[in-house]
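In: Mind folding the following:
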Amino acid sequence: MAEKETFEDNMQKLESIVNELEQGDIPLEKALSEFQDGVKLTKDLESTLKNAENTLAKEMTNDDKEVSFEKSESDTK
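Out: Numbers count the residues shown, from 1 in each chain. Coordinates of the predicted model:
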């Protein structure tokens, strides 16, 4: 089974695709394929960042429950 690509690996692939497309000296079919791969990578990276944001925006209560910082802050006011 193949190892799961890391965020950094996917980011590097996306940068490579962007650089290749910016040069503009590749056949149209390959450019379209690369573009589609770039869109998929962008969605995967965006999802990873959103999940990280959601995780970091929570804290654990004394009874081991996750609550958002916003709820926690409003409870203390």
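In: Residues touching stretch 21-39, excluding its own?
Out: Under the criterion Cβ atoms under 8 Å, 6 or more residues apart in numbering, residues 13-14, 17-18, 20 lie in contact with stretch 21-39. For every residue, glycine as well, the C-beta is placed using N, CA and C.
In: Would you tell me which one of those residues comes nearest to Asn62?
Out: Leu14 (41.6 Å; Cβ to Cβ).
In: and that closest one, which of the three is it?
Out: Judged by DSSP: H, G, I helix; E, B strand; the rest coil, the three-state class of Leu14 is helix.
In: ok, and the closest non-adjacent residue to it?
Out: Leu41 (4.5 Å; Cβ to Cβ, 6 or more residues apart in numbering).
In: tell me which element the one you found is part of?
Out: helix 28-56 (DSSP states H and E).
In: Could you pull out the buried residues of that helix?
Out: 34, 38, 41 (16 or more other Cβ atoms under 10 Å).
In: Include distance to Thr61 and pLDDT when you put the residues you listed into a markdown table, please.
Out: What follows is those, written out as a markdown table (distance: Cβ to Cβ, whole Å; pLDDT from 0 to 100):
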| residue | distance to Thr61 | pLDDT |
| --- | --- | --- |
| Glu34 | 47 | 97 |
| Gly38 | 41 | 97 |
| Leu41 | 37 | 97 |
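In: how about low-confidence regions in the protein?
Out: Filtered on pLDDT under 70, the chain yields the residue ranges 1-3, 70-77.
In: tell me the contacts of the residue nearest the centre of the chain?
Out: Nearest to the mean C-alpha position of the chain, counting by Cα atoms, centre = their mean, stands Leu45 at 2.1 Å. Shown in contact with Leu45 (Cβ under 8 Å, 6+ apart): 7, 10-11, 14.
In: if I look at it, how far off is Thr55?
Out: 16 Å (Cβ to Cβ, to the nearest Å).
In: likewise Asp44?
Out: Taken as Cβ to Cβ, the span from Asp44 to Thr55 is 17 Å.
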